[in-house]
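Undergrad: Sequence and predicted structure below; questions after.
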Protein chains: 2
Amino acid sequence: MASRELVIGFDADDTLWHNETIFENVHLRYRDMLARYHDAATVDRTLFATEMRNLEPYGYGVKGFMLSAIETAIELSDGKISADEIRRLLELGRAMLAHPVELLDGVAETVATLATTHRLLVITKGDLRDQERKLAKSGLADHFRHVEILSEKNESSYATILRRHAIAPEDFLMVGNSLKSDIAPVLALGGCAVHVPYPLTWAHEHVDTLPPADGRFFELASVREVPPLLSQLAR
Amino acid sequence: MASRELVIGFDADDTLWHNETIFENVHLRYRDMLARYHDAATVDRTLFATEMRNLEPYGYGVKGFMLSAIETAIELSDGKISADEIRRLLELGRAMLAHPVELLDGVAETVATLATTHRLLVITKGDLRDQERKLAKSGLADHFRHVEILSEKNESSYATILRRHAIAPEDFLMVGNSLKSDIAPVLALGGCAVHVPYPLTWAHEHVDTLPPADGRFFELASVREVPPLLSQLAR
C-alpha cells in the first residue's frame, strides 16, 4: 500500500472542529430550563428518545435537534412551558448555528501538510447549509478536493462516494471520531480507518462491534499522528 | 446544437412533484390558528419576514419553515400561543415531511422517455434528507444519473455542478418552475433553460429581470412539451 496514493477522507464534527461540546452546553441550559418539572436524567433520556423517534423525518443537525427539544419541553412540562421559554430555545438553536468554528488541536497544520501529498475529502452528515457554513468558517476549505454532505453515513453512502470519485476502497483511508459513522462502514467496504476519539460521544454514535479489519484499523490520540502513520504504512 | 448531446437538469419541487400546494395548505391552517390575533395578510407578511430573516441560519426546507412558524406564532400572539398549539404546529411539519409525493401531470412518462436518450440530473435545494426521501418515493430515481441537493441555486453552485460532471454550459438545459433558481443562473452561465410555471410561486422565488438569453430561454406550459422542443432544437 503506497501511502502517497491513499485518498484521505475526514469527518468534520468532532474530528476537524468541536461540535459535541456545543451541544453539551445547550443540554446543560435545557436541563436547567426543565429542572422544575423533571430531574436531569429524565430530561436527557426523554430528549434522546424524541430525537431517535424524529431521526427518520428530520435527519441529523441543529434544526431537527431544536424541533425535538421544543417537542420534549412541551411533553415534559405537560404543556406548561411558556412561549417565552420556547422563544429562548429558538435563540439557543440560532446561537448554535452562529457559533464560531473552533478547530481541534493540530488540525490546521496536519490538514495543510497532508493536502500537499494526498487528495483530501470531507465526508460528513447533517444539515447541508450548516456544514457548508462551518467548512467556510474553518479556513480549511481550500485543502479539500471534494466535500460530501450526506443524510446518513453507512456502507451504501460511502460506496456511492468512492464510486463517484473513482476511488478503490483499498486506496481509501477515513479519519473520524465515530466508530459507527466513520470507521465501521469503511472497514466493511475494505478501506482503512483511523479512529481519533473525541472526549464526548453522542449516544446515537455508539457501536458494539466492528467488522474484521485485518490491520486496516488504527486508533490514534490526535489527528497529528496521521502523517507518521501514513509514513509507516508506506514503508 | 445536437439535442441528443444535451444533458438535462430537472428541478424537483413544483417541477417534478407538487410542493407549494402542501405549503399553501399549511399556511391556511396557520392563518386559522392565529386568526384571533391578526388578519391573514399580517400573518402571511410576518411569517415571510421571519423566514427571510432566518434564511441565512436555517436554509431552505420544511424544518426551517417550522422553526420560523413557531417563532412567528409566539411573536404575533404576544406570547399567548399555547404549548398545545405549538405541538400542533410540530405535527403539521411532520405531516409535511410524510406527505405522499404527487407527480405533476406528464412527469412520469416524460422523464422515462427522456432518460432513454439523454443524461438526466436532478438539481434541487432544501433539506438533504427530505429531498432524498421525496426522490425515493417518486419512483423516478432510476431515471437520473446524478442527484444534486444544494443549499442555494445560483451561478456559482450551478458552475460547480457542471464542472463536477464535465458538462459544458452550452450542452446543458435546465427545466424548472423558478425563474430565480432554475432559469436566471443557467442562462447567465450560457446554458439553455426551460421555464414550466407552477400555479403557485413562493414570494422568495420572484425575479424582475432575466439575463440575455439569445434564443436559449423557453417557456412551456407542461413538461410534456420538453421532448418536442428538443426535437426542434436538434433540427
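TA: Thanks, I have it. Computed from a prediction, not measured in an experiment: that's the story for all the values here. Residues are numbered from 1 along each chain as shown, chains lettered A, B, ... in the order given.

Undergrad: show me where chain A has helices.
TA: Counting by DSSP state H, residue ranges of the helices within chain A are A:20-34, A:40-53, A:55-58, A:62-76, A:83-98, A:107-115, A:128-138, A:155-164, A:184-189, A:226-234.

Undergrad: Tell me which of those lies nearest to A:I149.
TA: helix A:128-138 (4.9 Å; C-beta to C-beta). Placement of C-beta: from N, CA and C, glycine included.

Undergrad: List the buried residues for the lengthiest strand in chain A?
TA: Secondary structure of chain A per DSSP state E: the longest strand is strand A:119-125. Buried residues in strand A:119-125, counted by 16 or more other C-beta atoms under 10 Å in any protein chain shown: A:R119, A:L120, A:L121, A:V122, A:I123, A:T124, A:K125.

Undergrad: cool, stretch A:210-220 as well?
TA: Across stretch A:210-220, burial judged by 16+ other C-beta under 10 Å covers A:P211, A:R216, A:F217, A:F218.

Undergrad: Near chain B, which residues of chain A? Just list them.
TA: A:54, A:57-59, A:63-64, A:66-67, A:70-71, A:74, A:77, A:79-84, A:86-87, A:90, A:93-94, A:97-98, A:127-130, A:132, A:149-151 (C-beta under 8 Å from any C-beta of the partner chain).

Undergrad: between the buried residues of strand A:119-125, which is nearest chain B?
TA: Chain B has its nearest neighbour among those in A:K125, at 8.5 Å by C-beta to the nearest C-beta.

Undergrad: Run through the residues that contact that closest one.
TA: Residues near A:K125 by C-beta atoms under 8 Å, 6 or more residues apart in numbering or on different chains: A:Y60, A:I149, A:L150, A:S151, A:E152, A:K153, A:S181.

Undergrad: Pick the one among the residues you listed closest to B:A136.
TA: Looking across the contacts of A:K125 and measuring by C-beta to C-beta, the closest to B:A136 is A:S151, at 10.8 Å.

Undergrad: ok, how many other residues are close to the closest residue to that closest one other than its chain neighbours?
TA: Nearest residue to A:S151, sequence neighbours excluded (C-beta to C-beta, 6 or more residues apart in numbering or on different chains): B:R129, at 4.2 Å. By the criterion of other C-beta atoms under 10 Å in any protein chain shown, B:R129 has 26 neighbours.

Undergrad: any idea how far A:T72 is from A:H38?
TA: 10 Å (C-beta to C-beta, to the nearest Å).

Undergrad: rewinding a little: compare the helices of chain A and give me the one nearest B:E24.
TA: helix A:55-58 (20.5 Å).

Undergrad: ok, A:A168 - how many residues close by?
TA: A:A168 - counted by other C-beta under 10 Å - has 12 other residues nearby.

Undergrad: can you pull the contacts of it?
TA: Here A:A168 is in contact with A:L162 (criterion: C-beta under 8 Å, 6+ apart).

Undergrad: One more pass at 10 Å, please.
TA: Residues counted as contacts of A:A168 (C-beta atoms under 10 Å, 6 or more residues apart in numbering or on different chains) are A:E5, A:V7, A:L162, A:G190, A:G191.

Undergrad: ok, now how distant is it from B:T15?
TA: Distance, A:A168 to B:T15, by C-beta to C-beta: 37 Å.

Undergrad: Return the backbone torsion pair for the nearest residue to A:A221 once chain neighbours are set aside.
TA: Leaving aside its sequence neighbours, A:A221 sits nearest to A:V196 (C-beta to C-beta, 6+ apart; 7.3 Å). Here is the backbone geometry of A:V196 (degrees, to the nearest 10): phi -120, psi 100.

Undergrad: Was I right to think A:V196 contacts A:L179?
TA: No: at 11.0 Å, A:V196 does not count as touching A:L179 under the criterion of C-beta atoms under 10 Å.

Undergrad: tell me the domain boundaries of chain A?
TA: A:3-17+A:101-234, A:20-98 (automatic domain parsing).

Undergrad: For the last one, measure first residue to last.
TA: Length of domain A:20-98, first residue to last, C-alpha to C-alpha, to the nearest Å: 15 Å.

Undergrad: A:L179: neighbour count?
TA: So A:L179, with other C-beta under 10 Å, has 21 neighbours.

Undergrad: let me redo that: A:T116
TA: Applying other C-beta under 10 Å, I find that A:T116 has 7 neighbouring residues.

Undergrad: That one touches A:E109, doesn't it?
TA: No: using C-beta under 10 Å as the test, A:T116 is too far from A:E109 to be in contact (11.6 Å).

Undergrad: Looking at chain A, which residue reaches furthest from the middle?
TA: A:K80 (33.9 Å; C-alpha atoms, centre = their mean).

Undergrad: mind listing what the closest residue to that residue other than its chain neighbours touches?
TA: Spatial nearest neighbour of A:K80, excluding adjacent residues (C-beta to C-beta, 6+ apart): B:A83 at 7.0 Å. Going by C-beta under 10 Å, 6+ apart, B:A83 touches A:70, A:73-75, A:77-83, A:85-86.

Undergrad: quick one on the thing from earlier: so what sits against both of A:T72 and A:H38?
TA: Any residue near both A:T72 and A:H38 by C-beta under 10 Å, 6+ apart counts here, and that gives A:D44, A:T46.

Undergrad: Between these two, point out the one with more neighbours.
TA: A:T72 (23 against 15).

Undergrad: so that one makes contact with A:R31?
TA: No: in this structure, A:T72 is not within contact of A:R31 by C-beta under 10 Å, at 11.3 Å.

Undergrad: so what sits against both of those two?
TA: A:V43, A:D44, A:L47.

Undergrad: picking up where we left off before, please produce CSV containing the helices of chain A, extended by mean pLDDT.
TA: Shown next, in CSV, are those (pLDDT from 0 to 100):
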stretch, mean pLDDT
helix A:20-34, 95
helix A:40-53, 97
helix A:55-58, 94
helix A:62-76, 98
helix A:83-98, 96
helix A:107-115, 98
helix A:128-138, 95
helix A:155-164, 95
helix A:184-189, 97
helix A:226-234, 92
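
Undergrad: Thanks a lot, see you next time.
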